[in-house]
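**Student:** here is my input, please return the structure:
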Amino acid sequence: MTEQRSEILAANEAFYRAFEKKDIDAMSEVWSQGTGSLCVHPGWNILRGWKQVNNSWVKIFQNTPYIEINTDIISTEIRGNIAYVVLVENVMQVIKGSRMEAQSLATNVFELLGDKWYLIHHHASPVMGNR
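**Tutor:** This next block holds a predicted model:
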């Protein structure tokens, strides 16, 4: 595994651990703070720029009592200072006392800024009918 690929996978993992821990500070460290950041949560409209993306995570964290996310990486590609990870998100959450499981297909795009990979685009779509 190349050093860059290891760094990208570590950044990807940091994103999902921040999500699970509902840690907005950790999430802020993973995402690019620029206006070019894009995010599409399942069932949401596109969010543009860090301000909208950040606000969405704050709302999700406030309304999610418990969540676990395990990922199955399908592909990791690097093209210069841009990289993407395509994966399956296996999500388990507890909502109003009920356990719910779902899968999403996701693409996470990272950009090398300085010497660190930052998430600039996250798009997740539900996998229908698997559970």
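**Student:** pLDDT wise, what is the residue with the largest distance to the centre of the chain at?
**Tutor:** No residue in the chain sits farther from the centre than residue 97, which is 24.7 Å out by CA atoms, centre = their mean. Per-residue confidence at residue 97 stands at 86 (pLDDT).
**Student:** show me which helix runs longest in the chain.
**Tutor:** Of all the segments of type helix in the chain, defined by DSSP state H, the longest one is helix 3-21.
**Student:** list of residues touching that one?
**Tutor:** Helix 3-21 is contacted from outside by 23-24, 26-27, 29-30, 57, 67-69, 71, 73, 76, 78, 83, 85, 87, 89, 108, 110, 116-119, 122, using CB atoms under 8 Å, 6 or more residues apart in numbering. All C-beta atoms are positioned from the backbone trio N, CA, C, and that covers glycine.
**Student:** so what are the sheet partners of the helix or strand where residue 69 lies and their directions?
**Tutor:** Under the criterion of DSSP states H and E, residue 69 resides in strand 66-79. Strand 66-79 has the following strand partners under DSSP bridges: strand 82-95 (antiparallel).
**Student:** what's the angle from the partner strand to helix 3-21?
**Tutor:** Here the directions of strand 82-95 and helix 3-21 differ by 20 degrees (axes from the mean of the first three to the mean of the last three CA atoms, to 10 degrees).
**Student:** could you export strand 82-95 as CSV, CA atoms only?
**Tutor:** Extracted in CSV, the C-alpha atoms of strand 82-95 (Å, rounded to 0.1, in the frame of the first residue of the first chain):
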residue,chain,number,x,y,z
ILE,A,82,-7.4,14.4,-5.8
ALA,A,83,-8.4,11.0,-4.5
TYR,A,84,-11.7,9.2,-4.0
VAL,A,85,-13.0,6.3,-2.0
VAL,A,86,-16.0,4.4,-3.1
LEU,A,87,-17.6,2.2,-0.3
VAL,A,88,-20.6,0.7,1.3
GLU,A,89,-21.7,2.2,4.6
ASN,A,90,-23.3,-0.3,6.9
VAL,A,91,-25.2,1.8,9.4
MET,A,92,-26.8,0.8,12.6
GLN,A,93,-28.6,3.4,14.7
VAL,A,94,-31.0,3.6,17.5
ILE,A,95,-33.9,6.0,17.0
